[in-house]
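**Student:** Next comes the sequence, and after it the predicted model I'd like to discuss.
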Amino acid sequence: MSLHGEYDPDNIFAKILRGEIPSVKVWEDDHVLAFMDVFPQSEGHVLIIAKQSQARNLLEVEPDILARLTAALQRTAVAVERALKPDGIAVMQFNGDAGGQTVFHLHFHIIPRWADRPMKGHGHAPMAEAAALRPLADRIAAELA
Ligand code: 5GP
């Protein structure tokens, strides 16, 4: 999908927000959901999405919603660092399929990095079991300020 076009209300994150498909939640409020990426590029890969916006990408998002998302992004990244003690954290965000985006509901990736562990490729990581993701989500949630 290009940078321009209509929001698809049946994209996978919209279905997660409606509870039509399961996800492993880290935390949520009225505006934001943080949940585990089911194809994690590293241990503790978290996604941050807005609940109300139909922005497909960064170019479209309402500024007030972007402000909430970035605050949630920072809060969650701090909790990821406290919980998992990575050596670094990659924050990624892709726009349009040529830009690497595969789900067209705006989202930010939080990917912990360790100096001695390679990061799996975007779109090339194996699927994780919910049973493996839940303890990670709980550890991160326990460190939220
Ligand atoms: P994008 O490529 O659009 O930046 O990122 C989409 C992300 O969504 C990918 O990292 C992919 O692993 C993740 N993803 C795709 N389908 C699902 C799903 O059904 N559940 C969850 N939790 N993550 C998903």
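**Tutor:** Yep, that arrived. Numbers count the residues shown, from 1 in each chain.

**Student:** Every contact and neighbour count from this point should use C-alpha atoms.
**Tutor:** Fine.

**Student:** Spatially nearest residue to the residue nearest the centre of the chain (excluding sequence neighbours)?
**Tutor:** Centroid-nearest residue in the chain: Leu47, 0.9 Å away (criterion: CA atoms, centre = their mean). With CA to CA, 6 or more residues apart in numbering as the criterion, Leu47 has its nearest non-adjacent residue at 4.8 Å, and that residue is His109.

**Student:** That neighbour belongs to a helix?
**Tutor:** No - assigned with DSSP: H, G, I helix; E, B strand; the rest coil, His109 falls outside any helix and is strand.

**Student:** Start the count at 38 instead of 1 going forward.
**Tutor:** Okay, residue one is now 38; in that scheme the one you just asked about reads as His146.

**Student:** Near it, how many other residues are there?
**Tutor:** Each residue near His146 was counted by other CA atoms under 10 Å, and the total is 23.

**Student:** how close does it get to Gly42?
**Tutor:** Distance of His146 to Gly42, computed by CA to CA, to the nearest Å: 23 Å.

**Student:** dump the residue contacts of the closest residue to Gly137 other than its chain neighbours.
**Tutor:** Excluding its sequence neighbours, the residue lying closest to Gly137 (CA to CA, 6+ apart) is Phe131, at 5.5 Å. Phe131 makes contact with 94, 137-138, according to CA atoms under 8 Å, 6 or more residues apart in numbering.
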